[in-house]
Structures are given as structure tokens and as C-alpha cells.
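Participant: turn this into a model:
(chains A and B)
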Amino acid sequence: MECVFGLVGDGFALVVADTSAVHSILVHKSNEDKIMVLDSHKLLGASGESGDRAQFTEYVQKNVALYQFRNGIPLTTAAAANFTRGELATALRKNPYSVNILLAGYDKETGPSLYYIDYIASLHKVEKGAFGYGSYFSLSMMDRHYHSGMTVEEAIDLVDKCIMEIRLRLVVAPPNFVIKIVDKDGAREYAWRESVKDTSAPA
Amino acid sequence: MARYDRAITVFSPDGHLFQVEYALEAVRKGNAAVGVRGTDTIVLGVEKKSTAKLQDTRSVRKIVNLDDHIALACAGLKADARVLINRARIECQSHRLTVEDPVTVEYITRYIAGLQQKYTQSGGVRPFGLSTLIVGFDPYTAVPSLYQTDPSGTFSAWKANATGRNSNSMREFLEKNYKETSGQETIKLAIRALLEVVESGGKNIEIAVMTKEHGLRQLDEAEIDAIVAEIEAEKAAAEAAKKGPPKET
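Facilitator: Predicted structure coming up:
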């Protein structure tokens, strides 16, 4: 029931992910961060098998860092996306990773961009994308309300509409979501949307 | 493809590894490099031999980053340096991936030294012809460190050291003048050591400063020239003071 979706706005890109770590019928935690900050201006939102998710995204992050040290300049978003897809493709017919990825980034020359990379190594550059059962609702919502060049406020409004729709219509809807943004000032957490706070045990 | 199994680095009758000693000769011919450890700053300096007029100087980086908190300068065969630096950079990221912690300066020094040693005891290869000066701040403890490795694969920690051309003169100077410094004083000490053997001026020296907060920062020519001018002024003042006040007639 993992939900990851994202969209590109005017000079920024947003990635939203649910924050529940689930194993069969048990919810391990509801504040799991599934959107990795790949480098100063890239976000990697991932959903799928939790072991593969952590392993693969960390591997991509370290390779992106290595590129930067070797070459003195960071990878472009497109290059990072193609590298990620290439790794998934190489592993596909041996030891496939079960991870779906939305890679968002901001490049000085080309502005914000969003890449849809699924677990069988398809790569698409998109304006809006979504994975999981939640995609049935968030994608439809975005199809209805999205237009290119949205402001941050408009985009967050759309994100909230998507989250509300998921909460309303998905049978086992995740309670909490995290929203991260990337723009010319870098990649950072924007907000959380929590309907269930993690409570500590009574003393 | 046949394996290379004949060793090139073998013992001489009197217990020397000549290939390693020849490698050290190569280091002695390389450009001068100095490292000074302060309490909160570590400085690396290298001599910039006169560059060809048509060469793009920015493409010749002598002090490099291995990670956000580790830097390296070397003396000797620059092509060998490229290979070693590449392997070290991979190891820095690999360490972060497997144990989710950045390397300590000692760890990466041990790794580089281990690599250099391996090439003195493998078939078909020659030793790396370079000595490195590795500086950095350990993660979490923020302890500054300066290490040196050489072609034989030995390494040790230093308060200040020099390698490459005229390293003995620089080391002598450092032994005479070293004291615990911080910030600008550490930079001055490193430059003063380099100036013992290098022609004065910003365009003959490359200096990089590593601090805990800002990582590695390369000083630009103007900054270096300013500090060199300060040092010359201090030297002149010291000379004048030595000569003593003018005698009263």
C-alpha cells in the first residue's frame, strides 16, 4: 500500500511519499523516510521491498557522491536517472531489485525535472508520476488539476488533494506522508502530513 | 591471458628492496609538498613548478579531496597518484555504504599504505612512485590529523611534515619552528616552510586549508600573495630588530 508521487512546478519539483514501514499485517513504524536526499539538488523517492529500497538507494547515493569527487562537478539529474536505470537493468535478469523510483532534481541549466523509473528499469521523464495503489487516486487527481508552471502553493494544494483522496478511498491508506521539495536552493524536507502521531509508551 | 607471476621487487643480498628505494628517489625528484597540523586547521601546500604558458592551470589539481573531510597532497609520479586517489575515493564511499559512517583519517591512510605495500609484493607490478600527505578531521571526534605514506607502504602520523624536493630542508625548518598554532598562524607556518625551498610568490605555491566547518578550501593567488607579503614584512622586521637599535653617537 505504499504511495509515492511527484510533480514538477515552476522552478521546483515535489516528491511525496507515505511514511509507513509495513510487514504483512504489522506496521513497524509510521515515520519511515522513503525520500532520500541524493545530493544537494536531487531527491530520490522510492517504494517497494524495504530491504531493496534501502540497499539500492544508498548504493545510488554513494555512486553519485563518488562521481562528484572524481570529476569535481555533480551529476546532472538526467545522468543520475540514467545511471539508476542502468543499475536496475543490469540486475534485472540476474538478481532484480523490487524498487520503484521517482527521481527529482534541479539543474542550473535546465531547471527542475522528474524521472519515473520502475522496478523493471523503464525510464521516463515526466511532469507528474506516481507508484503504488495510491497512484490510481493521485494520478487521476493530478490529471484533473495539474498544469505546468504551478507555484509552490498551488502544487502543495494539489498534493494535499491527492493525500486526502488516498485517505478517503484506499482501503488500507497510510496515515502519514512526507513532502520534500527541490529547487535552486537545494533539496530539503518541506512538510509532513500526519493523521497519526507516533505515541511513546505511557510511563 | 597468462598471469604475471614473476616478481619485480625482490630482495638484494644485503636486504634492500631496490625498486622501493628507486621509487623513493622518484619521490625526491617530485615537487615539494608540506603539511602542517594546527588545533583547528590543517594546511597542505605544494610547489607549483613553472607552468607552460598555453596550459590551463585549473586542470592540474595537486591537492585533492578524497571525501568531504579528507584531503590529500602528494609528491612523485602524478600518473600513479591518479590511480591511488581513485581507489581511495572509491574506498571512502564504500566505507560509508557498508558501515554508514565516514572514514577516519587513519583508516584511509592505512588503506592507501596497504595498497602501496601490495604493489611491492605482487607479480608483474612496480611500486607506486609517490608519497602522500593525508589530512582530515575524524568524524564525530573532530580530531585533526596529518599522516604520511611512502612507496614502501609505511605510514605514520605527524604534527608537520614535508615530502618531495628539498623535503629535508623543509622538515628541518619545521622542526625548528613548529609550535601549536590555529587558523591563520597554521597557514603562515606552512607557507614559511614552503618558501624555504620555493621561489617566493603566489603563482609558485598552491595552498589548501581544511577546517571542520568548511572542509577543504583552496586559497587563490591573491590570498597567498597577501600572506607571503606579511611573512616577508615579519622577516624584515625581525632582521631589523636583530641588528639592534642604532648606536647613540
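
Participant: switch to C-alpha atoms for all contacts and neighbour counts from now on
Facilitator: Noted.

Participant: count of neighbours near A:Ser113?
Facilitator: When neighbours are counted by other C-alpha atoms under 10 Å in any protein chain shown, A:Ser113 registers 26.

Participant: beta partners for it?
Facilitator: The residues paired with A:Ser113 through beta bridges, assigned by DSSP bridges, are A:Gly105.

Participant: thought it was touching A:Tyr106?
Facilitator: Yes. At 6.4 Å, A:Ser113 and A:Tyr106 qualify as touching, with contact defined as C-alpha atoms under 8 Å.

Participant: which residues do these two both contact?
Facilitator: A:13, A:77 (C-alpha atoms under 8 Å, 6 or more residues apart in numbering or on different chains).

Participant: low pLDDT regions in chain A?
Facilitator: Along chain A, the parts satisfying pLDDT under 70 run over A:198-203.

Participant: near chain B, which residues of it?
Facilitator: By the criterion of C-alpha under 8 Å from any C-alpha of the partner chain, the positions of chain A lying close to chain B are A:58-59, A:62-63, A:65-66, A:69-70.

Participant: in chain A, which residue sits nearest chain B?
Facilitator: Relative to chain B, the nearest point of chain A is A:Lys62 (5.6 Å; C-alpha to the nearest C-alpha).

Participant: so that residue is in contact with B:His95, correct?
Facilitator: No. With the criterion set as C-alpha under 8 Å, A:Lys62 and B:His95 do not qualify as a contacting pair; they are 9.7 Å apart.

Participant: more neighbours: the two, which one.
Facilitator: Neighbour totals were compared for A:Lys62 and B:His95, and A:Lys62 leads with 20 against 17 (other C-alpha under 10 Å).

Participant: residue contacts, that one?
Facilitator: Here A:Lys62 is in contact with B:93-94, B:96-97 (criterion: C-alpha under 8 Å, 6+ apart).

Participant: please report how far the residue sitting nearest the centre point of chain A lies from A:Ser138.
Facilitator: If you average the C-alpha coordinates of chain A and look for the closest C-alpha using C-alpha atoms, centre = their mean, you land on A:Gly45, 2.2 Å from that point. Between A:Gly45 and A:Ser138 the distance, using C-alpha to C-alpha, to the nearest Å, works out to 15 Å.

Participant: in contact with A:His41, which residues?
Facilitator: If you count contacts by C-alpha under 8 Å, 6+ apart, A:His41 has them with A:105-107, A:182-187.

Participant: please list the residues of chain B that sit near chain A.
Facilitator: Contacts of chain B with chain A, taken as C-alpha under 8 Å from any C-alpha, map to B:65-67, B:86, B:89-90, B:93-94, B:96-97.

Participant: and the helix or strand containing B:Val83, how far out from the chain's middle?
Facilitator: Using DSSP states H and E, the element containing B:Val83 is helix B:78-99. Distance of helix B:78-99 from its chain centroid, counting by C-alpha atoms, centre = their mean, to the nearest Å, is 17 Å.

Participant: related to what we said a few turns ago, now the contacts of A:Lys62 as JSON lines including neighbour count and pLDDT?
Facilitator: Listed next are these as JSON lines, based on neighbours: other C-alpha atoms under 10 Å in any protein chain shown; pLDDT from 0 to 100:
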{"residue": "B:Gln93", "neighbour count": "24", "pLDDT": "96"}
{"residue": "B:Ser94", "neighbour count": "19", "pLDDT": "97"}
{"residue": "B:Arg96", "neighbour count": "16", "pLDDT": "96"}
{"residue": "B:Leu97", "neighbour count": "18", "pLDDT": "95"}
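
Participant: wait, which of the residues you listed is closest to B:Pro13?
Facilitator: Distance ranking of the contacts of A:Lys62 against B:Pro13, using C-alpha to C-alpha, places B:Ser94 first at 41.1 Å.

Participant: which residue sits closest to the closest one, ignoring its sequence neighbours?
Facilitator: Of all residues not flanking B:Ser94 in the chain, A:Lys62 sits nearest, at 7.5 Å (C-alpha to C-alpha, 6 or more residues apart in numbering or on different chains).

Participant: the one you found belongs to a strand?
Facilitator: No. Residue assignment for A:Lys62, taken from DSSP: H, G, I helix; E, B strand; the rest coil, gives helix, which places it outside any strand.

Participant: report the secondary structure state of A:Cys162.
Facilitator: Applying three-state DSSP to A:Cys162 yields a three-state assignment of helix.

Participant: where along chain B do the helices fall?
Facilitator: B:18-29, B:78-99, B:105-118, B:167-177, B:184-195, B:221-243 (DSSP state H).

Participant: out of these, which is the most enclosed?
Facilitator: helix B:184-195 (a mean of 22; mean count of other C-alpha atoms under 10 Å in any protein chain shown).

Participant: using CSV, write out the CA atom coordinates for that helix.
Facilitator: Listed in CSV are the C-alpha atoms of helix B:184-195, where the atom choice follows Å, rounded to 0.1, in the frame of the first residue of the first chain:
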residue,chain,number,x,y,z
GLN,B,184,45.9,31.9,10.1
GLU,B,185,49.1,31.0,12.1
THR,B,186,49.0,27.5,10.8
ILE,B,187,48.7,28.7,7.2
LYS,B,188,51.6,31.1,7.7
LEU,B,189,53.8,28.3,9.1
ALA,B,190,53.1,26.1,6.1
ILE,B,191,53.9,28.9,3.7
ARG,B,192,57.0,29.8,5.5
ALA,B,193,58.2,26.2,5.3
LEU,B,194,57.5,26.1,1.6
LEU,B,195,59.2,29.4,1.0
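
Participant: which other helices and strands contact it?
Facilitator: Counting contacts by 3 or more C-alpha pairs under 8 Å, 6 or more residues apart in numbering or on different chains; DSSP states H and E, helix B:184-195 packs against strand B:33-37, strand B:41-47, helix B:167-177, strand B:205-211, helix B:221-243.

Participant: can you redo those as CSV with mean pLDDT?
Facilitator: Written out in CSV, the entries for the helices and strands packed on helix B:184-195 read as follows (pLDDT from 0 to 100):
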stretch, mean pLDDT
strand B:33-37, 96
strand B:41-47, 95
helix B:167-177, 95
strand B:205-211, 94
helix B:221-243, 89
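
Participant: so which of those is nearest B:Arg192?
Facilitator: Within those, the stretch nearest B:Arg192 is helix B:221-243; the backing value is 7.2 Å (C-alpha to C-alpha).

Participant: and the closest one, how far out from the chain middle?
Facilitator: 24 Å.

Participant: where do the strands of chain A begin and end?
Facilitator: A:4-8, A:12-18, A:21-23, A:26-29, A:35-39, A:42-48, A:99-107, A:111-117, A:123-126, A:128-131, A:176-183, A:186-194 (DSSP state E).

Participant: check contacts around residue 130.
Facilitator: In the absence of a named chain, this looks at chain A. When contacts are counted by C-alpha under 8 Å, 6+ apart, A:Ala130 touches A:3-6, A:102, A:138-139.

Participant: right idea, wrong chain: chain B
Facilitator: B:23-24, B:26-27, B:74-78, B:80-81, B:150-151.

Participant: over to B:Lys118?
Facilitator: Taking C-alpha under 8 Å, 6+ apart as the test, what B:Lys118 contacts is B:Gly153.

Participant: again, only using 10 Å
Facilitator: B:Lys118 is in contact with B:112, B:125-128, B:152-153, counting by C-alpha atoms under 10 Å, 6 or more residues apart in numbering or on different chains.
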